[in-house]
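In: Sequence plus predicted model, see below.
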Amino acid sequence: ASNAKSQMQVELSKDEDKKPQELTIIRVITDGNLVASIESTLKKLPPVELVATALMEFDCDILSLDDLKLVKQYVCPTAEQIATLTGMKTMHPEVPLATPEQFMWALG
């Protein structure tokens, strides 16, 4: 679990009064360029809830073959990513997931 934490990046906001940093979003994908690329790609897909349902129901009317390839390439989580997300969601249940991580969570 500590290894997963070391690979996780979180976006933090600083208060001007130097209060402790507050966790504002949970991320497991740490490369900024990769995040931007994935988020741009995900805009081509239906909302995360619809993608998850379509996958579970094998609904090809919602997800095309190209959509499935994008999902597989960009947001099918590894076991380590799922473990990290689970740990972070447990520790910070009120903190939202970043967009790629929302897909990972729904598909994991």
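Out: Yes, it's here.

In: quick check: mean pLDDT across stretch 72-83?
Out: Stretch 72-83 carries an average pLDDT of 93.

In: How far away from the center of its chain is that stretch?
Out: Mean-position distance between stretch 72-83 and its chain equals 9 Å (Cα atoms, centre = their mean, to the nearest Å).

In: Let the chain start at 735 from now.
Out: Okay, using 735 as the starting number, the last item reads as stretch 806-817.

In: buried residues in that stretch?
Out: Buried residues in stretch 806-817, defined by neighbour count with 16 or more other Cβ atoms under 10 Å: Tyr808, Val809, Pro811, Gln815, Ile816, Ala817. Using the backbone N, CA and C atoms, a C-beta is placed for each residue, glycine as well.

In: quick one: which of those residues sit in helices?
Out: Among the buried residues of stretch 806-817, the members falling in helices (DSSP state H) are Tyr808, Val809, Gln815, Ile816, Ala817.

In: nearest residue to the fourth one other than its sequence neighbours?
Out: Spelled out, it's Ile816. With Cβ to Cβ, 6 or more residues apart in numbering as the criterion, Ile816 has its nearest non-adjacent residue at 4.2 Å, and that residue is Gly842.

In: Make TSV from the buried residues of stretch 806-817 and add distance to Met838 to it.
Out: TSV is the format used below for the buried residues of stretch 806-817 (distance: Cβ to Cβ, whole Å):
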residue	distance to Met838
Tyr808	9
Val809	5
Pro811	4
Gln815	6
Ile816	7
Ala817	11
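
In: hmm, back to that, nearest to Phe792 among the ones in helices among the buried residues of stretch 806-817?
Out: Nearest to Phe792 among those is Val809, at 17.9 Å by Cβ to Cβ.
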